[in-house]
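Asks: Provided below are the primary sequence and the corresponding predicted coordinates.
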Amino acid sequence: MGWKRFAAGVGAGVAVTLIAKNQMEKNQSQLSPEKALKQVKEKAKHLGSIEGSWVHMIPEKYETDELSYNVYRGGITCTDEQGKMNAYEFYADSSTGAILKLVKQDD
């Protein structure tokens, strides 16, 4: 009877390991919100000097052109060459950090 318990324990251990590995891979395929914001700021340098920024910490669904994405929504505030401050809202893919939408906010 001892070998049956041993086999059951090994089987349970393998199952838990596979589930944990799958969950870790799923979590690693998503960027942290801070990393996504850093990428957006790097790509938006041409807009001017970045004075402030924010990002929602929880990804949300975003649909465009009949495609659905998990995105981080956030914003940046920039001062352009003339000294005018402009605010932008962005949607960045939570997996890659690619900017899917960048919209200048009205004054």
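Replies: Everything's here; your move.
Asks: can you tell me how far residue 51 sits from residue 88?
Replies: Using Cβ to Cβ, to the nearest Å, one gets 12 Å for the distance from residue 51 to residue 88. Heads up, the C-betas are built off the backbone N, CA and C, glycines and all.
Asks: I should have written residue 73 there, sorry.
Replies: In this structure, residue 73 and residue 88 are 12 Å apart, going by Cβ to Cβ.
Asks: pull the number of nearby residues for residue 94.
Replies: 21 (other Cβ atoms under 10 Å).
Asks: hmm, residue 81 is touching residue 48, no?
Replies: Yes. Under the criterion of Cβ atoms under 8 Å, residue 81 makes contact with residue 48 at 6.7 Å.
Asks: who are the contact partners of residue 94?
Replies: For residue 94, the contacting residues are 30, 31, 36, 59, 69, 70, 71, 72, by Cβ atoms under 8 Å, 6 or more residues apart in numbering.
Asks: which of those are buried?
Replies: In the contacts of residue 94, burial by neighbour count holds for 30, 31, 36, 59, 69, 71, 72, counting by 16 or more other Cβ atoms under 10 Å.
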